[in-house]
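>>> have a look; sequence and predicted model below, questions after that.
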Amino acid sequence: MADLGEIVGLVERALGPAESEPVRLAGGITNRNFRIRFGGRDCVLRVTGKDTELLGIDRVSERAAADQAAALNIGPAVLGAGPGYLVTEYVDCAAATPAVLRAAPEAVAEALRAFHDSSLRLANRFWVPELLDKYARIIRDRGQSPPAQYALAQSLAKRIAAVLPLRDAVPCHDDLLAANVLVPSDSADQVMLVDWEYAGMGHRLFDLGNLAVNNEFDAADEDRLLSAYYGDESGLGRRSALALMRIMSDAREAAWGVVQSTISDLRFDFTSYGGRHFARLEQATSDSRFETWLADAAGS
């Protein structure tokens with residue numbers, strides 16, 4: 001991690017003097033986040049972790065995505081950025097919970113649709129089969145071997161990509177944990193999306209599958225999500241595609257845990273994190289519906 005005092009000094013030159021001590025905010029594995037006041041404005045200062053480019057993070061794309069989200073009123077204003085840090089406006093809000101997102105996915109569906117349909121073009125490309133191949137090379141370059149289950153993740157990602165190819169890439173968030181969805185205190189019907197680190201040109205259904213699996217949506221929740229996103233009733237093909245993108249998301253998370261366990265010096269059990277997602281992948285391969293999902297998605 002970069003030195004916090006040095007980062008604060010850099011931000012002061014752009015935004016004015018620090019008027020409070022930095023207060024650590026909860027959440028986040030890769031970065032550290034602080035609430036701090038600069039030049040009369042309450043801000044969130046994020047100090048980025050090291051070697052994050054190895055995870056598929058592109059800071060230029062992240063800044064562009066965050067700016068676009070702010071322009072669409074689905075993200076806080078970006079006040080400054082530089083090597084090792086990002087500063088955004090502090091918004092009085094609460095992080096969503098999986099239960100809240102399951103009960104009312106409409107606001108986040110509409111926010112994602114607006115972002116996907118924006119004219120933004122990001123330099124970064126986010127496509128899980130390619131990302132898994134990249135992670136495997138990094139692991140081997142560090143003198144280690146991916147676990148046996150890694151080949152399963154790669155195989156599943158490639159099978160899904162064969163029926164849901166990345167033809168018309170759109171700007172995506174790609175990390176839709178509940179903690180990255182904020183509910184402003186003055187508007188229960190609005191959401192803000194934060195932490196655009198993994199933003200890139202990708203498959204719009206990956207964002208929906210990522211949101212659904214991370215927040216344990218059931219079939220009824222998924223129907224509401226798809227209906228809100230597309231503005232109509234979703235057929236079997238879309239439901240099957242969403243089911244496959246849930247699996248694609250787990251493949252990414254499993255591989256992410258492996259590469260983090262190789263490159264990170266943070267005190268976090270990345271091996272267990274990846275293991276939980278590998279276990280879900282193994283369950284997916286034994287699900288009798290998997291081949292049907294592939295056929296239905298291909299037919300749509």
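Arrived safely.
>>> alpha carbons only for contacts and neighbour counts from here, please
Fine.
>>> the helices in the chain, which residues?
Using DSSP state H, the helices of the chain run over 4-15, 59-71, 98-103, 106-116, 128-141, 150-163, 204-214, 219-230, 236-263, 270-286, 290-299.
>>> mean pLDDT, distance to Val91 and mean neighbour count added to those helices, as JSON lines?
Shown next, in JSON lines, are these (pLDDT from 0 to 100; distance: least, Cα to Cα, whole Å; neighbours: other Cα atoms under 10 Å):
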{"stretch": "helix 4-15", "mean pLDDT": "92", "distance to Val91": "17", "mean neighbour count": "15"}
{"stretch": "helix 59-71", "mean pLDDT": "96", "distance to Val91": "12", "mean neighbour count": "21"}
{"stretch": "helix 98-103", "mean pLDDT": "95", "distance to Val91": "19", "mean neighbour count": "17"}
{"stretch": "helix 106-116", "mean pLDDT": "97", "distance to Val91": "17", "mean neighbour count": "20"}
{"stretch": "helix 128-141", "mean pLDDT": "96", "distance to Val91": "32", "mean neighbour count": "18"}
{"stretch": "helix 150-163", "mean pLDDT": "97", "distance to Val91": "37", "mean neighbour count": "18"}
{"stretch": "helix 204-214", "mean pLDDT": "98", "distance to Val91": "22", "mean neighbour count": "24"}
{"stretch": "helix 219-230", "mean pLDDT": "96", "distance to Val91": "25", "mean neighbour count": "19"}
{"stretch": "helix 236-263", "mean pLDDT": "96", "distance to Val91": "28", "mean neighbour count": "23"}
{"stretch": "helix 270-286", "mean pLDDT": "93", "distance to Val91": "30", "mean neighbour count": "17"}
{"stretch": "helix 290-299", "mean pLDDT": "94", "distance to Val91": "40", "mean neighbour count": "16"}
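>>> of all these, which lies closest to Gly40?
helix 4-15 (8.9 Å; Cα to Cα).
>>> give me the contact list for that closest one.
Ala18, Phe38, Gly39, Val47, Leu79, Gly80, Gly84, Tyr85 (Cα atoms under 8 Å, 6 or more residues apart in numbering).
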